[in-house]
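> Got a sequence here, can you build the structure:
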Amino acid sequence: MPPMPPPPSGPRGPNQPKTLVGGLPWQKPPEPKPTPKSEYDVEPQVVPGMPVIEPQPAGVRPGAPADQPAEPRPLRQRLDEWVRNSPPFSVSLSAHVVAILLLAVIFYPREQEPAIVIDLSFASEEIVEEEERGVQIVAPEEPEAEPEPEVVETEKPPVEEPVAAPVMVEEVVETGAGATTVAVPQNVPLGSLLDGRQEGRREALVRAFGGSDATEAAVAKALAWIAKQQRSDGLWSLQGPYVDGGSKENPVAATVIALLAFQGAGNTPKEGRHKAVVAKAWQALLKRQLPDGQFDVPPLPSHHTLYTHGQATYAICELFGMTKDRAFADPARRALAYAVAAQGPNGGWRYAPREPGDMSVTGWFMMALISGKMAGLTVPPDSLDGITRFLDSVSVEGGTRYGYMLEAPQRPPAKVTPAISAEGLLSRQFLGWKRDDRRIAAGLERLLADKFLDYENGKDVYAWYYITQVAHNVGGEAWDRWNGRMREVLPANQVASGPEAGSWDPSLDEWGFHGGRLFTTCFCTYMLEVYYRHLPLYRAVTLE
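Residues are numbered from 1 along each chain as shown. Okay, the predicted model is just below:
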């Protein structure tokens, strides 16, 4: 393509095209395109009588020359101009947003952070109580103490001479062939041991054996507290509703230990201040006796099974002995039959039927069988002989002390403790050892030295319960020493006010964590009922 000629110079001829600035002579400048109007463009309107204001270039004050800059306008004027020139929708939206922000600033709750004051001054040795400011929190008033339970009065006269010379008795037991008369072991008049619980006799026995008004008042308060803990189904709980419950739950065992406390003071389903409580409990408990006679409500902790049955057999045989009510005869017989069948090969009982026994569980079964004899029920002599054989296997120091169990042949028994030793000695007493047996005397002296009712530093109500019975059976100076402290220590440490008034605190007790407040309270109650709960083995009591 040939090069383009330069543009002509000199004067422009008539036919010569105009030269465009920035363009070529033969190019036609483009037509300016009209700016499209938006929906917000408004044509100026001329109102008659109003002067027409021509638009001014930016930065020029109206009426001033174009080359003179405009003076700064007031904020209000600029806002007015912005409002007039803005679309109505934008103005409305902006106004609402501003109004909402103002309301938020005015009404939004602002928490003022508390000022942190750091005191760097040294404290003086004198403590100055600062004046209380602000709202005072008043502690709730102590609830009014409930009236102390009254000791039930009876029209029956007290016995004037409750202790007389030993009298041997004969025991009538029932067998499949009818009634049979058998001889009671020497100096153990079992048939009359429950007679002291009857109305008209307890007061005389309390006086005779060293009790007091304070011990009887403590028993009344304890039974009132225990009664309040009964559940709506008639049972008790080891874990509540009171404070300081036990570590495991067992409603059957809880109910049995409560019933033993009520029955120890003469309460039955038909007699006594708490007869309604006792009747409701036995109605619920007998529903939980299995056809084979076992008292069990699965699931229970595995080691509770035979413990529970031994205690329940003890209680039902005792109840039948107290009432002679035929409604309790069959449950007692079936419970005894299961107990005898569960006895282990070494003559004791433990956690499962026919397992080699330990002293703790065996002690409850010993009392179950003895209670059956007290009630006049049949107890095979071989079962009692088996207990004697077991006691021989775990005895130490010539029979004055006892171990928990024989863990291996040709080795001494394990865990020789005051509680286990007292349980062994009590079993020996019920199985026929005489009062003047030197082994009982030596063993009791050792117990009085080891566990002499130190409530602050050696609380062990389980051991005290067995020691109390051994000492009460022996009587004499040993009983006076033990009882003289027991009747002071236990009432003095009973809870005196508040919702747990009448109970004993399980804290710091050897077994308090496991048994809880109900366990501790029941065993303290047994001890304070000792004056009439069982008549002493070696002294017959004449009760008119």
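
> residues in contact with N346?
Residues in contact with N346 (CB atoms under 8 Å, 6 or more residues apart in numbering) are P356, G357, G386, R389, F390, S393, L406. For the C-beta atoms, the positions are set from N, CA and C on the backbone; glycine is no exception.

> can you count the residues close to the nearest residue to E407 once chain neighbours are set aside?
Spatially, and ignoring its direct neighbours in sequence, E407 is nearest to A414 (5.1 Å; CB to CB, 6 or more residues apart in numbering). Under the neighbour criterion other CB atoms under 10 Å, A414 is assigned a count of 14.

> How about A414: which residues does it bridge to?
A414 has the following beta-bridge partners by DSSP bridges: M405.

> residues near L336, how many?
25.

> tell me the SS of it?
helix (DSSP: H, G, I helix; E, B strand; the rest coil).

> before we move on, which element is the closest residue to it other than its chain neighbours in?
Excluding the flanking residues, the one nearest L336 by CB to CB, 6+ apart is G372, at 4.9 Å. For G372, the host element (DSSP states H and E) is helix 359-374.

> returning to that earlier point: you'd agree the residue nearest to E407 is up against A408?
No. Shown here, A414 and A408 do not form a contact pair, counting by CB atoms under 8 Å, at 9.1 Å.

> helices or strands next to the helix or strand that the helix holding G372 is followed by in the packing?
Downstream of helix 359-374, the next assigned helix or strand under DSSP H and E is helix 381-394. Counting contacts by 3 or more CB pairs under 8 Å, 6 or more residues apart in numbering; DSSP states H and E, helix 381-394 packs against helix 359-374, helix 418-430.

> closest one to S507 among those?
helix 418-430 (18.4 Å; CB to CB).

> quick one: buried residues of the helix or strand following the closest one?
Counting by DSSP H and E, the element after helix 418-430 in chain order, helix or strand, is helix 438-450. Going by neighbour count (16 or more other CB atoms under 10 Å), the buried part of helix 438-450 is R439, I440, A442, G443, L444, R446, L447, L448, D450.

> Pull the residues that contact helix 438-450.
Everything outside helix 438-450 that qualifies as a contact, by CB under 8 Å, 6+ apart, is 398-401, 418, 421-422, 425, 428-429, 433, 463, 467, 470-471, 474, 478, 481-482.

> Now with 7 Å, please.
Residues outside helix 438-450 that contact it (CB atoms under 7 Å, 6 or more residues apart in numbering) are 398-401, 418, 421-422, 425, 428-429, 433, 467, 470-471, 474, 478, 481-482.

> tell me the angle whichever helix or strand comes after that helix makes with helix 438-450.
Of the helices and strands lying after helix 438-450 in sequence (DSSP H and E), the nearest is helix 461-474. Helix 461-474 and helix 438-450 are oriented at 140 degrees to each other (axes from the mean of the first three to the mean of the last three CA atoms, to 10 degrees).

> tell me the mean pLDDT over helix 461-474?
Helix 461-474 carries an average pLDDT of 97.

> which secondary structure elements does whichever helix or strand comes after it contact?
Remark: after helix 461-474, the chain's next helix or strand is helix 476-492, criterion DSSP H and E. Where contact means 3 or more CB pairs under 7 Å, 6 or more residues apart in numbering; DSSP states H and E, helix 476-492 is packed against helix 213-228, helix 438-450, helix 461-474, helix 512-528.

> so helix 476-492 versus helix 213-228, what angle?
Going by the same axes, to 10 degrees, helix 476-492 makes 50 degrees with helix 213-228.

> on that earlier part again, quick check, pLDDT for the residue nearest to L336.
With respect to pLDDT, G372 scores 96.

> that older thread, quick check: the farthest pair among the contacts of N346?
Within these, G386 and L406 form the most distant pair, 14.2 Å apart (CB to CB).

> just to revisit the earlier point, and the contacts of helix 438-450, which of them are buried?
Using 16+ other CB under 10 Å, the buried ones in these are 399-401, 418, 421-422, 425, 428-429, 433, 467, 470-471, 474, 478, 482.
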